[in-house]
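J.: Fold the following for me, if possible:
(2 chains)
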Amino acid sequence: MTAPEEGLELIAKTPAERRSTLAIWLSRLEGPQTMGRGPLFWAAVVAVVGAAAIYPLFVDGWTVGNAAYFFVWTFMAMGLGVVWGYCGALSFGQTAFFGLAGYGYGVLTINVGAAYGFTILALVLAVALAGLAALIIGYFMFYGRIKGVFIGIVTLSVTLVFSTFMAQTAGPQWRIGSARLNGFNGMSGMPPLTVPWPGGDLLLFADIPLYYVLLTLTVLCYLGLRMLLNAPFGNVLVAIRENPERAEMLGYDIRVYQLLAFGLGGALAGLSGVLYTAWGQYITPSSMGLTAAALPIVWVAVGGRKDITATLLGTLLVLYVFQTLTIYGSQYALVAMGVLLLLTVLLAPEGVVAILMRGIGRLFSRRQER
Amino acid sequence: MTAILETRKLEKRFGGVQVAQGIDFSMQPGEIHCLIGPNGAGKSTFFHLVLGEHRPDGGSIHFKGEDITHLRSFARIRRGISVKFQVPGIFKALSVRQNLEIAFQHHLHGHNLDATISRVLDFVELKAVAATPAGTLSHGQQQWLEIGMAVGVEPSLLLLDEPTAGMSPDETFKTGELLRQLNAEGITILAVEHDMAFVQQIAERVTVLHFGAIFAQGTIDEIVGHKGVEEIYLGTSDDG
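T.: Got it, this is the predicted structure:
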């Protein structure tokens, strides 16, 4: 080992180069915690988003609404990617926050209505409610030093208890204001997202306008998470996943980081819940049941949990495959999902999309070397 | 002078087994202090008590005069303690550079992180493998990486749990020289160690633990010549 010539002063006392906050955050679009960098990658991103933007020009309204449905789920998947893939805490209960926000949106909008853009405020409040619930549950888990498989057990229990509770709210006494919870039949009748617009409110039914709103939200969420995960916060999450004891022995209160990641994951699951409820104007307890709780795990595992791009692409891919298979019977489709998960765990534990992305990356870097 | 690290009547039990029996330990700033003792003497328990990984059943721990007995591990680290574990405590799936970045980013507000990483990479001679996953390094390189992670934040006290475990004699000697160099720059060092040649290379003072209590304390020469220590730990030339 050799000491630097000027002595053993290891910390460089020179101040870091001054850059604007915006420049710092934009530079974090690329970094060690996310795959994809350089002009080629960003050209591909622009091409994919561009293709998604012109997609509605070539298909009918129903197909566009169906594509919007796929985007609804990406937020919960990316949130699970942060909690499980980056922070190493396998949550089996993201659907609890999905359902809580969905019901929250329903209760608020059925009682208050959609005038003056209230549905947007209801969306924000319901997402905040889901985030807060995640912080409360996360507090007891992480400050109670629950770890490993027990996080999965606790979170699964939470979503199953919530689902079971909501399923028994069929009686007329189970109402919040004018919103009937309606037991297993589910809550319906809430308005879609409604944007105040000159000349009349813009109702975002499952059609082209909602598609563009969801596409925009998905892209913003994806880019925002890339920046967050390449920031010091993301570095610490990965450190906790890799070696929590060492992370703590570097001076990090790992409980705070785990809690914040879990809160973020809960809020994103809540965003999916609100968008799902607004998309279909309907939510039932089955959206929080065992099957529903397992599906996000399949999307994220098959895509690649340790990379947010792989998680996003994998989720869209698996959702498409799942829906296509459902035509032949929903039970068969679920069995296929189970098989897909098993094959991924056994043959491609990193995730199918992640492996493909890595392969493509290697191919391009070899060509550039030539 | 205020002791940099002091424990007063420190006690710890695991079930019916008393592994720390009222340990009164103290070390001054600037020392290199080695903690030795036979297997089961309580060295690792003492180490984990100081780090906050175990909660003591009695007594107190003081760092620079502050009672840190009830602080969590991360809070003790933030006060200026760094640690290097026996099994390299690194992030094996991450690159060498990322390991250092994660180790330093918390401490270097406003300072130049990249320049500091570069200096430490030079110091631990890992610049050529900066982009390599840390898990693919040789055992010795992993140990040095962890030392780099521990010292790059210029701690007041460096705790080392068998820092040369698994190293070749050459690597062990180089590590000893490195630690002396760090100590010369003002870092106080407390090392739990088995390798007596290494202890003799670096230690100014030595504490011998036996059955969870301090059996002997003194300079390396005093300890090497201590008859009781020889009997319980160093043994004769056959098993020493």
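J.: In chain A, what residue lies closest to chain B?
T.: residue A:12 (3.4 Å; C-beta to the nearest C-beta). (Glycine included, C-beta is placed from N, CA and C.)
J.: Now do the residue nearest to residue A:211 when sequence neighbours are not counted against residue A:316, distance only.
T.: Using C-beta to C-beta, 6 or more residues apart in numbering or on different chains and skipping residues adjacent in sequence, the residue nearest residue A:211 is residue A:68, 4.2 Å away. Per C-beta to C-beta, to the nearest Å, residue A:68 is found 12 Å from residue A:316.
J.: With residue A:201 instead?
T.: 30 Å.
J.: what about the strands in the chain?
T.: Reading this off chain A. A:175-176, A:179-180, A:187-188, A:193-195, A:202-204, A:282-283 (DSSP state E).
J.: meant chain B actually
T.: B:5-14, B:17-27, B:32-36, B:58-63, B:66-67, B:81-84, B:157-161, B:188-192, B:205-210, B:213-219.
J.: closest one to chain A among these?
T.: Of these, nearest to chain A by C-beta to the nearest C-beta is strand B:81-84, at 5.2 Å.
J.: quick one: the closest one near chain A?
T.: Yes: contact of strand B:81-84 with chain A (C-beta under 8 Å from any C-beta of the partner chain) involves residue B:83.
J.: avg pLDDT for that strand?
T.: In this model, strand B:81-84 has a mean pLDDT of 93.
J.: and that strand, how far out from the chain's middle?
T.: 6 Å (C-alpha atoms, centre = their mean, to the nearest Å).
J.: partners of that strand in the sheet?
T.: strand B:157-161 (parallel) (DSSP bridges).
J.: Now do the strand it pairs with: everything it contacts.
T.: B:4-5, B:44, B:47, B:50-51, B:63, B:80-86, B:150-151, B:179, B:182, B:187-193 (C-beta atoms under 8 Å, 6 or more residues apart in numbering or on different chains).
J.: And these, which of them are buried?
T.: B:4-5, B:44, B:47, B:50-51, B:63, B:80-86, B:150-151, B:179, B:182, B:187-193 (16 or more other C-beta atoms under 10 Å in any protein chain shown).
J.: thinking residue B:179 is in contact with residue B:172, fair?
T.: No: taking contacts as C-beta atoms under 8 Å, residue B:179 lies outside contact range of residue B:172: 10.7 Å.
J.: same question for stretch A:159-178, mean pLDDT?
T.: 96.
J.: Please state the backbone phi and psi of residue B:106?
T.: phi -70, psi -30 (degrees, to the nearest 10).
J.: list the contacts for it?
T.: Going by C-beta under 8 Å, 6+ apart, the list of residues near residue B:106 reads A:232, A:250-252.
J.: Ok, residue B:192 next?
T.: B:34-36, B:43-44, B:46-47, B:160-162.
J.: other SSEs contacting the least confident helix or strand in chain B by mean pLDDT?
T.: None of the helices or strands of chain B scores lower by mean pLDDT, DSSP states H and E than helix B:227-229, at a mean of 84. Counting contacts by 3 or more C-beta pairs under 8 Å, 6 or more residues apart in numbering or on different chains; DSSP states H and E, helix B:227-229 is packed against strand B:213-219.
J.: Name the residues of the strand it packs on that come out as buried.
T.: So for strand B:213-219, counting by 16+ other C-beta under 10 Å, buried means B:213-217.
J.: hang on, the earlier thing: looking at residue A:201 and residue A:316, which has the bigger crowd around it?
T.: Per other C-beta atoms under 10 Å in any protein chain shown, whichever of residue A:201 and residue A:316 has more neighbours is residue A:316, with 21 against 16.
J.: The more buried one reaches residue A:72, doesn't it?
T.: No: proximity of residue A:316 to residue A:72 does not meet the contact threshold set by C-beta under 8 Å, at 11.1 Å.
J.: re the thing from before, I'd like the strands of chain B as CSV, with distance to residue A:55 appended.
T.: Shown next, in CSV, are the strands of chain B (distance: least, C-beta to C-beta, whole Å):
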stretch, distance to residue A:55
strand B:5-14, 64
strand B:17-27, 67
strand B:32-36, 67
strand B:58-63, 62
strand B:66-67, 63
strand B:81-84, 54
strand B:157-161, 58
strand B:188-192, 63
strand B:205-210, 71
strand B:213-219, 75
